[in-house]
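**Q** Give the three-dimensional model of this entry:
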Amino acid sequence: MFLKNLFTAGTDTSSSIIEWALTEMLKNPSILKRAHDEMDQEIGRNRRLVEADIAKLPYLQAICKETMRKHPSTPLNLPRVSTEACEVNGYYIPKNTRLSVNIWAIGRDPDVWENPLDFTPERFLSGKYAKIDPRGNDFELIPFGAGRRICAGTRMGIVLVEYILGTLVHSFDWKLPNGVVELNMDEAFGLALQKAVPLSAMAVALTSLPGEGDLVPCDNNVIARLVGLFSGIRETHRTALSSVNLAMEEITKHWSTLSLSEKEGSGLHLRKEQAIAEYAIAARFLTKRPLNIEAIANTFTPLWRAKSGFKIKNLGNHLILFSFDNLGDVDRILKSEPWCFDKHLVVLSQFDKDTPLNPLELKKVSFWVQVFDIPVRFRNREVAEQICEAIGSIIHPTDASDIDGGSFIRVRVRVDISLPLCRGRLITLEDGKEHWVSFKYERLPNLCYWCGLLTHGDRDCNKWIDSEGSLQKEDQQFGPWLRAPPFQASRKSVLSVPGFFAKKKKENPVHYSPEPPS
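**A** Got it, this is the predicted structure:
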């Protein structure tokens, strides 16, 4: 439990320091160049950096110290409580007072540091700051706290930051994305001091890493995965596929244009008994987090209630294959869309055994759409379906009893999630007047309020990233008003009443007796 807590407490804070260090080096290219020069001299480019190399890289250590000073991972240390009344430097502190040290303010205090707003690693190489250490012995620099209650992971945190940052700097040259001239340096205060706008950068391999020489877009989450320690700490803010995966996709796509060797061209016949289960559903999970098949099973088992259960296979790239022993479960699950996991949409499709899975082809989901504000005299199923053709292809349900919701008409629509959600449709009445009809979607998962796509959230949107956090809430073109409340089929909104006299005649029928013979 101690190790688990130690790791959990150190992930966000360590990744935050690394992100800020890379940001400052991109803002000050001379610092990045000096770090590269130091590593070229001490390590070279024929091998990877190892932990033992850190002691030979004083400039790298100075960069880490300067980052911890200017951008401490925790701006305030954990609060303490005074057990007795006391006086400290002329300040009276009553008993049971909660106290926190403003680590962020100490690092920017001009009475303590020269030019505190400048990022100057050289200050730790010589002069009065050269012997300052971040391990709590010098109160000018206490990113991990100080005293008997200092962070238990101090030593591990320093080693991780120095090693990971050193690996990233040694292995890659870093550049700003095309078109980006100035970096946003705003801070998002919290328990960990993150960047308000996550860092996006271009990495060019300098050592013999996979994909050498390829330019690959990276963000903080991708940077973390390169060294295999902090995968999934922060949500990905810009999708970045490795150059290796891109190359393999291109080869797979264009194999017919290649000259195949005799072994490559020798056809392998696959037998029917080698195939997977007969009935399967391919699923594309739109969450950015790594998938855990046990969590997936715990989520969908009580929802789907499959007769004989199902099997789950992780195909990678956020693709999951569900296998069933009967077609009935498959049809019922697909007809009950949409499904969500981790508040994000799951795109389902019946799996064609003879076709390779392409995640980009899994892009259509069925929704119940509630159509509001149709003029009363046009409020019928035919008109509602005609209006909803702007959303996607119409699905005609076999049971039409749950179509009319009173103030709205329900329409089942197949929606293309690669396009923004349709918010409504402008219709023209017979007199030429225009009228707006609005849409609400039942069981709508997370969506981007900037662009209206279901494939990512607000913080992952390129529109938000390109604005560097300058967009305001009033700039959002979509919102929670697109979500419809759960539809309750038990409440009747339409009732057919027979004519009064027809009803009376049915209740009190008149019996005629034949006339007696004369």
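
**Q** what's the pLDDT at residue 388?
**A** Among the per-residue scores, residue 388 holds a pLDDT of 96.

**Q** which stretches of the stretch 201-350 of the chain form strands?
**A** In the stretch 201-350 of the chain, the strands defined using DSSP state E, counting those that start in this stretch lie at 215-219, 279-285, 311-316, 319-324, 339-341, 344-350.

**Q** Need these in TSV (columns: distance to residue 388).
**A** Quick note: C-beta positions are derived from backbone N, CA and C, even for glycine. Output for those, formatted as TSV (distance: least, C-beta to C-beta, whole Å):
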stretch	distance to residue 388
strand 215-219	37
strand 279-285	24
strand 311-316	33
strand 319-324	29
strand 339-341	21
strand 344-350	19
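
**Q** Would you mind giving those strands as a markdown table with mean neighbour count, mean pLDDT and distance to residue 100 added?
**A** Listed next are the strands of the stretch 201-350 of the chain as a markdown table, based on neighbours: other C-beta atoms under 10 Å; pLDDT from 0 to 100; distance: least, C-beta to C-beta, whole Å:
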| stretch | mean neighbour count | mean pLDDT | distance to residue 100 |
| --- | --- | --- | --- |
| strand 215-219 | 18 | 48 | 31 |
| strand 279-285 | 22 | 92 | 40 |
| strand 311-316 | 14 | 91 | 44 |
| strand 319-324 | 20 | 92 | 45 |
| strand 339-341 | 19 | 93 | 38 |
| strand 344-350 | 20 | 94 | 36 |
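
**Q** For residue 34, find the nearest of the ones you listed.
**A** Proximity to residue 34, assessed across those by C-beta to C-beta, is greatest for strand 215-219 (21.8 Å).

**Q** which residues of the stretch 301-450 of the chain score low on pLDDT?
**A** In the predicted model of the stretch 301-450 of the chain, residues 353-360 satisfy pLDDT under 70.

**Q** Helices along that one, start to end?
**A** Ranges of helices in the stretch 301-450 of the chain, per DSSP state H, counting those that start in this stretch, are 327-335, 381-387.

**Q** could you dump those to a markdown table with mean neighbour count and distance to residue 280?
**A** Compiled in a markdown table, the helices of the stretch 301-450 of the chain are given as follows (neighbours: other C-beta atoms under 10 Å; distance: least, C-beta to C-beta, whole Å):
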| stretch | mean neighbour count | distance to residue 280 |
| --- | --- | --- |
| helix 327-335 | 15 | 8 |
| helix 381-387 | 17 | 31 |
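
**Q** could I get those helices as JSON lines with distance to residue 456?
**A** As requested, the helices of the stretch 301-450 of the chain are arranged in JSON lines below (distance: least, C-beta to C-beta, whole Å):
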{"stretch": "helix 327-335", "distance to residue 456": "24"}
{"stretch": "helix 381-387", "distance to residue 456": "28"}
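
**Q** residues in contact with residue 472?
**A** Neighbouring residues of residue 472 by C-beta atoms under 8 Å, 6 or more residues apart in numbering: there are none.

**Q** Looking at the helices of the stretch 301-450 of the chain, which is nearest to residue 347?
**A** Proximity to residue 347 (C-beta to C-beta) singles out helix 327-335 among the helices of the stretch 301-450 of the chain, at 11.1 Å.

**Q** Can you get me the start-to-end distance on stretch 80-92?
**A** 16 Å (C-alpha to C-alpha, to the nearest Å).

**Q** go on, stretch 135-143?
**A** Where stretch 135-143 begins and where it ends lie 8 Å apart, using C-alpha to C-alpha.

**Q** Just checking the distance from that stretch to the centre of its chain.
**A** Distance, stretch centre to chain centre, for stretch 135-143: 36 Å (C-alpha atoms, centre = their mean, to the nearest Å).

**Q** now stretch 97-105
**A** 33 Å.

**Q** in it, what counts as buried?
**A** Neighbour counts over stretch 97-105 (16 or more other C-beta atoms under 10 Å) mark 101, 103, 104 as buried.

**Q** average pLDDT across it?
**A** 88.

**Q** Export only the CA atoms of it, formatted as PDB.
**A** Below are the C-alpha coordinates for stretch 97-105, written out as PDB (Å, rounded to 0.1, in the frame of the first residue of the first chain):
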ATOM      1  CA  THR A  97      -3.700  26.900  13.400                       C
ATOM      2  CA  ARG A  98      -3.500  25.200   9.900                       C
ATOM      3  CA  LEU A  99      -0.400  26.300   8.200                       C
ATOM      4  CA  SER A 100       0.900  25.900   4.600                       C
ATOM      5  CA  VAL A 101       4.200  27.000   3.100                       C
ATOM      6  CA  ASN A 102       3.900  28.900  -0.200                       C
ATOM      7  CA  ILE A 103       6.600  27.100  -2.100                       C
ATOM      8  CA  TRP A 104       5.700  28.800  -5.400                       C
ATOM      9  CA  ALA A 105       6.200  32.300  -3.800                       C
END
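
**Q** With respect to residue 260, which of the strands of the stretch 201-350 of the chain lies nearest?
**A** Counting by C-beta to C-beta, residue 260 lies closest to strand 311-316 out of the strands of the stretch 201-350 of the chain; the figure is 25.7 Å.

**Q** What is that closest one packed up against?
**A** Taking 3 or more C-beta pairs under 8 Å, 6 or more residues apart in numbering; DSSP states H and E as the contact definition, the neighbouring helices and strands of strand 311-316 are helix 293-304, strand 319-324.

**Q** Dump those into TSV; add distance to residue 147 as well.
**A** Rendered in TSV, the data for the helices and strands packed on strand 311-316 read as follows (distance: least, C-beta to C-beta, whole Å):
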stretch	distance to residue 147
helix 293-304	40
strand 319-324	49
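
**Q** wait, which of those is closest to residue 118?
**A** Among those, the nearest to residue 118 by C-beta to C-beta is helix 293-304 (46.3 Å).

**Q** List the buried residues of that closest one.
**A** When neighbours are counted by 16+ other C-beta under 10 Å, the buried residues of helix 293-304 are found to be 296, 300, 304.

**Q** so which of the helices of the stretch 301-450 of the chain comes closest to residue 398?
**A** With C-beta to C-beta, the closest approach to residue 398 among the helices of the stretch 301-450 of the chain belongs to helix 327-335: 9.9 Å.

**Q** now, which of the buried residues of stretch 97-105 sits nearest residue 22?
**A** Here the nearest of those to residue 22, counting by C-beta to C-beta, is residue 104; it sits at 19.6 Å.

**Q** Looks to me like that closest one is in a helix.
**A** Yes - secondary structure of residue 104 (DSSP: H, G, I helix; E, B strand; the rest coil): part of a helix.

**Q** was I right about it contacting residue 75?
**A** Yes - A contact is recorded between residue 104 and residue 75 when judged using C-beta atoms under 8 Å, the distance being 3.8 Å.

**Q** before we move on, the earlier item: the strands of the stretch 201-350 of the chain: which one's closest to residue 402?
**A** Proximity of these to residue 402 was assessed by C-beta to C-beta; the nearest stretch is strand 339-341, lying at 19.3 Å.

**Q** Now tell me what touches that closest one from outside.
**A** The set of residues that contact strand 339-341 without belonging to it, under C-beta under 8 Å, 6+ apart, is 285, 287, 296, 299, 300, 303, 333, 345, 346, 348, 443, 445.

**Q** Kindly reformat the residues you listed as CSV containing distance to residue 471.
**A** What follows is the contacts of strand 339-341, written out as CSV (distance: C-beta to C-beta, whole Å):
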residue, distance to residue 471
285, 27
287, 23
296, 34
299, 33
300, 36
303, 36
333, 38
345, 23
346, 28
348, 33
443, 28
445, 22
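
**Q** Doesn't residue 166 lie inside a helix?
**A** Yes - under three-state DSSP, residue 166 sits within a helix.
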